[in-house]
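Trainee: Sequence unavailable; structure follows:
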């Protein structure tokens, strides 16, 4: 199966079908690799950005809840024991 996949990929870039990859055919391979690399970089940066925004939003929500709702769910005896 692996050998067949390799042959299929080779044939995809062996545009003239002569069984060899010449400079222009190799250029097509490199171009595709670079575009895939850029796409991965963009996805990586976007994922990190959205992840950071999600954590920041979650942190702000948690802090808001702690500041505003804390007295509603804590028991006074437990709070006093921690001081």
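Mentor: Arrived safely. Computed from a predicted structure; not experimentally measured.

Trainee: Quick check: mean pLDDT of the lengthiest helix in the chain?
Mentor: Ranked by residue count and defined by DSSP state H, the top helix of the chain is helix 23-73. In this model, helix 23-73 has a mean pLDDT of 75.

Trainee: For stretch 14-28, buried residues please.
Mentor: Using 16 or more other C-beta atoms under 10 Å as the test for burial, stretch 14-28 gives 21, 25. C-beta here means a position set from N, CA and C on the backbone, and glycine is covered the same way.

Trainee: ok, back up a step: the longest helix of the chain - contacts with which helices or strands?
Mentor: Helix 23-73 is packed against helix 2-13, with contacts defined by 3 or more C-beta pairs under 8 Å, 6 or more residues apart in numbering; DSSP states H and E.

Trainee: Distance from the chain centre to the helix it packs on, please.
Mentor: 28 Å (C-alpha atoms, centre = their mean, to the nearest Å).

Trainee: re earlier: got the angle for the longest helix of the chain vs helix 2-13?
Mentor: 110 degrees (axes from the mean of the first three to the mean of the last three C-alpha atoms, to 10 degrees).

Trainee: what's the spacing between residue 35 and residue 42?
Mentor: 11 Å (C-beta to C-beta, to the nearest Å).

Trainee: Sorry, wrong one. I was asking about residue 11.
Mentor: Separation of residue 11 from residue 42 (C-beta to C-beta) stands at 30 Å.

Trainee: What of residue 14?
Mentor: Where residue 42 is concerned, residue 14 sits at a distance of 30 Å (C-beta to C-beta).

Trainee: What's the separation between residue 19 and residue 5?
Mentor: For residue 19, the distance to residue 5 - C-beta to C-beta - is 17 Å.

Trainee: And for residue 26?
Mentor: Per C-beta to C-beta, residue 26 is found 19 Å from residue 5.
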